[in-house]
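*Asks:* what follows is a predicted structure for the sequence shown.
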Amino acid sequence: MEESDFFSAMTMMSAAILVGGAAIGSALGVGSVGAKLIESTARQPSEASTLQNKAFLMAGMLDAIPILSVAIALLLLFSNPLT
């Protein structure tokens, strides 16, 4: 196995770990935000619209990080700056 083949395989593996980790982290974060939204809406139903707006804002912020990680993974896969 040549050095370039090894480097290519490690790049693919690191891109897969990057995307997979970001997806799992984002799913856990959005799930936690949703659970807390339901819990806090059950405690104070009069504040439901305010809480929902804040929860959607947080879910959007949590989804921004996996989008960036997918962009970095695609950069590594298709135009690797490390070679």
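*Replies:* Perfect, I can see it now.

*Asks:* read off the pLDDT value for the residue nearest the centre of the chain.
*Replies:* Computing the C-alpha centroid of the chain and ranking residues by C-alpha atoms, centre = their mean puts Pro66 first, at 2.9 Å. On pLDDT, Pro66 comes in at 91.

*Asks:* what is the three-state secondary structure of the nearest residue to it once chain neighbours are set aside?
*Replies:* Distances taken as C-beta to C-beta, 6 or more residues apart in numbering put Ala22 closest to Pro66, at 3.9 Å, once the chain neighbours are dropped. Where C-beta positions appear, they are placed from N, C-alpha and C, glycine not excepted. For Ala22, the assignment made with DSSP: H, G, I helix; E, B strand; the rest coil gives helix.

*Asks:* so how far is Leu77 from Ala22?
*Replies:* Relative to Leu77, Ala22 is positioned 15 Å away (C-beta to C-beta, to the nearest Å).

*Asks:* the residue nearest to Pro66 is in contact with Ile65, isn't it?
*Replies:* Yes - Ala22 is in contact with Ile65 according to C-beta atoms under 8 Å; the separation is 6.2 Å.

*Asks:* of these two, who's got more company?
*Replies:* Ala22 (19 against 13; other C-beta atoms under 10 Å).

*Asks:* distance of that one relative to Pro81?
*Replies:* For Ala22 relative to Pro81 (C-beta to C-beta), the value is 20 Å.

*Asks:* now do Met12
*Replies:* Distance from Met12 to Pro81, by C-beta to C-beta: 15 Å.

*Asks:* how about Met61?
*Replies:* Taken as C-beta to C-beta, the span from Met61 to Pro81 is 28 Å.

*Asks:* when these two are compared, which one has more neighbours?
*Replies:* Met61 (11 against 6).
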